[in-house]
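Participant: just need the structure, nothing else, for what follows:
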Amino acid sequence: MGGVSSCCGPRRKNNYEPLLLENEREAVADLLQYLENRTTTNFFSGSPLAALTTLSFSDNVDLQRSAALAFAEITEKEVREVGRDTLDPVLYLLTSHDHEVQRAASAALGNLAVNAENKLLIVSLGGLEPLIRQMLSSNVEVQCNAVGCITNLATHDENKTQIAKSGALIPLTRLAKSKDMRVQRNATGALLNMTHSDENRQQLVSAGAIPVLVSLLNSPDTDVQYYCTTALSNIAVDGTNRKRLASSEPKLVQSLVQLMDSQSLKVQCQAALALRNLASDEKYQLEIVKFDGLKPLLRLLHSSYLPLILSAAACVRNVSIHPANESPIIDSGFLQPLIDLLSFDENEEVQCHAISTLRNLAASSERNKGAIVEAGAVERIKELVLTVPLTVQSEMTACVAVLALSDDLKPQLLEMGICEVLIPLTNSSSVEVQGNSAAALGNLSSKAAEDYAPFNAVWNKPDGGLHAYLVRFLSSADITFQHIAVWTIVQLLEAEDDQLTNNIRSSPILMSSIRQLATSPPPSRGGRDLTQGSEGDDDYEDDGLDGEGEGEIATLARRILDLTEDVGNGNEGSHFSHQPEASGGGGGASGGNVGSLGSEHAALRASVHRALSGGH
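Facilitator: The predicted model follows:
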């Protein structure tokens, strides 16, 4: 035990020998005097510490008890950073075979372990070994204090690995099942403190902690519930641990769902967070709904306590990832509280969780998209999106892009004036916000309505309008941005709106960019069938890593030139009479060529949609 070992000579056969050594007599007298003036005495240095040290290293167990009790009382009232000269006698007292000495010494050490520097020094001086021995004691008081000390030591990150490697986890796990509630609290608290790194979590799992922690979720003690719930939440961060939990703990979700109705706010919060982490996996997303987890989550969303709102919102977001959960969540009444949380400017993360959940709920069903719009989500987004933080803007614009996939909703969204907020956001400082906003505009432009007046209304305003956005994206160095822009222009032209066509045709800078993009070489068609519809074109990747993306841009740009009659062939109006719908069907005199191009539009559309409906 470091420098302490030099002081450990052979013990006398009779530990209770009544005769005291002269220095021990003096130390007793000095200590009594110091204790009478304890409020003005510094016991951590000088003569007071010397007296305590003498009694600690005595072979007389009564003197050791006096020293240990004095250390325990002193440190209970005052804790400060101490040196080795203070810790050595306390650590030596831990090696005593007397339960009273062990109990008091471990209490003193646990008090000193509140100080961050002391935590490190205690471990570096070998304090873990005697504490582990005391955890194995038959005396409950000794167990309780030893585990409490380990709990304090484990709050320092630099100690966690040392504790995990020391062999402490197995006795800690065993003591978590103690019949003594104090021991149980300390042990589960220590296990919790060991769950903050991946390496330690794996060692805890190997030590058999998972079934113990799960069983203690039903403890009558709130602190034990909290420690175990939080520990399991941390353990569930790792995918391999979630699989282990799924295979070995069938009642875990039910227990956590019940704890969301606990009398303790902190237990409710940690139960929701544990379910949130579990809901990273499909199995748990479904189980949370199956075991009636939506009811307490909805109640927590209405809480006035921020941690509860945040934990519930995060959990619902993960649960909403599974397509099968979309309708149950909507039918359970989540839409209005989620929309209300979009205005929760106290916490950006809550806003992000709320809007991401709405986007997930809209991903797979036209019915759900309609319900979300009807509940007022788009009006709230329009009201807030220009002023919320960038992360929230990104989620909001992505949600609008998903909603804009619905042909039935497009006229309604345009009538709400959603373009007026999307256009300024195409010039955001965030690339994600730019791309999401542009994709939303593109989705709206495809088969939007018979009346394209909303697009004409925003051609030059706000912030330069649709025109400035298209010019900016066409000249972007990002191929994806170019791709969205040319595709959007094709959709607008295929609407056959005279004013819109004239707006595009009469813009020299727009047409100049189109001509430049149209001169790129045509795409290579080897190995990819562009006559497939979007559902069969899963291999499409708009990543700009090869020439195919540029080739599709060039093809769409030439299509624009054709539609705007820019080729100057004098056949005014002839191109509009036989055009397929934007979704890419054949037919008409130019059926072969146009059918192929229409499928290219579908491929781009599918690519953008895959990128933006990524809630699932």
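
Participant: every contact and neighbour count from this point should use C-alpha atoms.
Facilitator: Noted.

Participant: burial of the nearest residue to residue 351 once chain neighbours are set aside, as a residue count?
Facilitator: Of all residues not flanking residue 351 in the chain, residue 342 sits nearest, at 4.9 Å (CA to CA, 6 or more residues apart in numbering). Applying other CA atoms under 10 Å, we find 24 residues neighbouring residue 342.

Participant: quick check: phi and psi on residue 342?
Facilitator: Per-residue torsions, residue 342: phi -60, psi -30 (degrees, to the nearest 10).

Participant: could you list every residue that touches it?
Facilitator: Listed by CA atoms under 8 Å, 6 or more residues apart in numbering, the contact set of residue 342 reads 350-352, 354-355, 380-381.

Participant: and for residue 418?
Facilitator: Applying CA under 8 Å, 6+ apart to residue 418 gives the contacts 378, 382.

Participant: that older thread, how close does the residue nearest to residue 351 get to residue 333?
Facilitator: Using CA to CA, to the nearest Å, we find residue 342 at a distance of 16 Å from residue 333.

Participant: again with residue 266
Facilitator: Counting by CA to CA - residue 266 and residue 333 are separated by 25 Å.

Participant: who has more neighbours out of the two?
Facilitator: The neighbour comparison of residue 266 against residue 333 (other CA under 10 Å) goes to residue 266, with 18 against 13.

Participant: the more buried one and residue 316, how far apart?
Facilitator: Residue 266 is 18 Å from residue 316, by CA to CA.

Participant: can you pull out the strands in the stretch 351-500 of the chain?
Facilitator: Taking DSSP state E, counting those that start in this stretch as the criterion, the stretch 351-500 of the chain carries no strands.

Participant: and if you look at the chain?
Facilitator: With strands called from DSSP state E, the chain shows none.

Participant: low-confidence stretches in it?
Facilitator: For the chain, the stretches with pLDDT under 70 are 1-19, 448-449, 520-548, 566-616.

Participant: could you rerun that using 90?
Facilitator: By pLDDT under 90, the weakly predicted segments of the chain are 1-45, 48, 77-78, 196-200, 364, 446-452, 496, 519-551, 564-616.

Participant: identify each buried residue in stretch 431-449, please.
Facilitator: 432-449 (16 or more other CA atoms under 10 Å).

Participant: other residues contacting that stretch?
Facilitator: Residues outside stretch 431-449 that contact it (CA under 8 Å, 6+ apart) are 390, 393-394, 397-398, 400-402, 404-405, 407, 410-411, 414, 419, 422-423, 425-428, 481, 484-485, 487-488, 491-492, 495, 581-582, 605, 608, 612.

Participant: thought residue 318 was touching residue 279?
Facilitator: Yes: shown here, residue 318 and residue 279 form a contact pair, counting by CA atoms under 8 Å, at 5.6 Å.

Participant: joint contacts of those two?
Facilitator: Common neighbours of residue 318 and residue 279, counting by CA under 8 Å, 6+ apart, are residue 285.

Participant: which residues sit against stretch 501-516?
Facilitator: Here stretch 501-516 makes contact (CA under 8 Å, 6+ apart) with 459, 467, 470-471, 474-475, 486, 492-493, 557-558, 560-561, 564, 566.

Participant: again, but for stretch 142-155
Facilitator: Under CA under 8 Å, 6+ apart, the answer for stretch 142-155 is 99, 102-103, 106-107, 109-111, 113-114, 119-120, 123, 128, 131-132, 134-137, 159-160, 163, 172, 182-183, 186-187, 189-191, 193-194.

Participant: how near is the closest residue to residue 483 other than its chain neighbours to residue 511?
Facilitator: Leaving aside its sequence neighbours, residue 483 sits nearest to residue 553 (CA to CA, 6+ apart; 5.6 Å). To residue 511, residue 553 is 14 Å away according to CA to CA.

Participant: just residue 153 next, same as before
Facilitator: Taking CA to CA, one finds residue 153 at 70 Å from residue 511.

Participant: and if you look at residue 52?
Facilitator: Going from residue 52 to residue 511 by CA to CA gives 91 Å.
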